[in-house]
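A.B. asks: just to be clear, the model below is a prediction. Sequence and coordinates:
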Amino acid sequence: MSTIGRRIVTGHDAQGKSIILSDGVPPQDNPMTGNGADFIEIWNTAETVPVLTPAPDSEPALRDFTMMPATGHLIRIIDVYPASEGGSATPMHRTQTLDYAVVIEGEITLILDDSEAALGPGSVIVQRGTDHAWENRTDKRARMAFFHIAAEFGPELRAVLPETLELMR
């Protein structure tokens, strides 16, 4: 499994002062490791508009794993393996989410219906429910940060989208 550095979670003490609640590697308990990519859960919430409390009720990274949120949003780091380590292109898929993906290191290829884009460190992708796949075509792992926000397809888009492509949830 890939490693991630620190996750610092802030909160408030009983007097409202800002404090560090936790500092370290977020706990992981999900099935998405070692299958050509490692999914590292950082934080998630089912709330569309999170309620800020002095401290969270529980550890968000240990909630039941879901590929994409049905409600709310999440952040995760994904390490995508090269073919030499068992990686391959993901299946073409669509998510009912608005995603911001940032390439942190390495190179990844975004595959769309009519084009491809090779992306390197610092590249930011705004993924808007489009059919897509990812592939690491290099000999080193690529690391990306994904911010997934639950969304809905508008009626005009739903009317033209192919129904055969599986939605990932």
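C.D. replies: Received it, and whenever you're ready, just let me know what you need.

A.B. asks: at the geometric centre of this protein, which residue do we find?
C.D. replies: F146 (3.3 Å; CA atoms, centre = their mean).

A.B. asks: quick one: mean pLDDT for whichever strand or helix holds it?
C.D. replies: F146 is part of strand 142-150, with elements assigned from DSSP states H and E. When pLDDT is averaged over strand 142-150, the result is 94.

A.B. asks: report the beta-bridge partners for I125.
C.D. replies: Under DSSP bridges, the beta-bridge partners of I125 are A101.

A.B. asks: list the buried residues of the strand holding F146.
C.D. replies: Residues 142-148, 150 are the ones in strand 142-150 that count as buried (16 or more other CB atoms under 10 Å). The way it works is simple: take the backbone N, C-alpha and C, and place the C-beta from them, glycine included.

A.B. asks: again with stretch 89-108
C.D. replies: 94-95, 97-99, 101-103, 106-108.

A.B. asks: export these to JSON lines and tack on distance to G5?
C.D. replies: Shown next, in JSON lines, are those (distance: CB to CB, whole Å):
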{"residue": "R94", "distance to G5": "32"}
{"residue": "T95", "distance to G5": "26"}
{"residue": "T97", "distance to G5": "25"}
{"residue": "L98", "distance to G5": "26"}
{"residue": "D99", "distance to G5": "22"}
{"residue": "A101", "distance to G5": "19"}
{"residue": "V102", "distance to G5": "15"}
{"residue": "V103", "distance to G5": "17"}
{"residue": "G106", "distance to G5": "16"}
{"residue": "E107", "distance to G5": "21"}
{"residue": "I108", "distance to G5": "20"}
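
A.B. asks: now those as TSV including secondary structure and distance to I75?
C.D. replies: Compiled in TSV, the buried residues of stretch 89-108 are given as follows (DSSP: H, G, I helix; E, B strand; the rest coil; distance: CB to CB, whole Å):
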residue	secondary structure	distance to I75
R94	strand	20
T95	strand	15
T97	strand	12
L98	strand	13
D99	strand	11
A101	strand	11
V102	strand	10
V103	strand	15
G106	coil	19
E107	coil	22
I108	strand	17
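
A.B. asks: tell me which of those residues is nearest to P60?
C.D. replies: T97 (17.0 Å; CB to CB).

A.B. asks: tell me who's in contact with that closest one.
C.D. replies: Neighbour list for T97: 68-69, 127, 129, 148-151 [criterion: CB atoms under 8 Å, 6 or more residues apart in numbering].

A.B. asks: for the helix or strand that the strand holding F146 is followed by, which positions count as buried?
C.D. replies: Sequence order places helix 155-158 as the next helix or strand after strand 142-150, per DSSP H and E. Buried residues in helix 155-158, counted by 16+ other CB under 10 Å: none are found.
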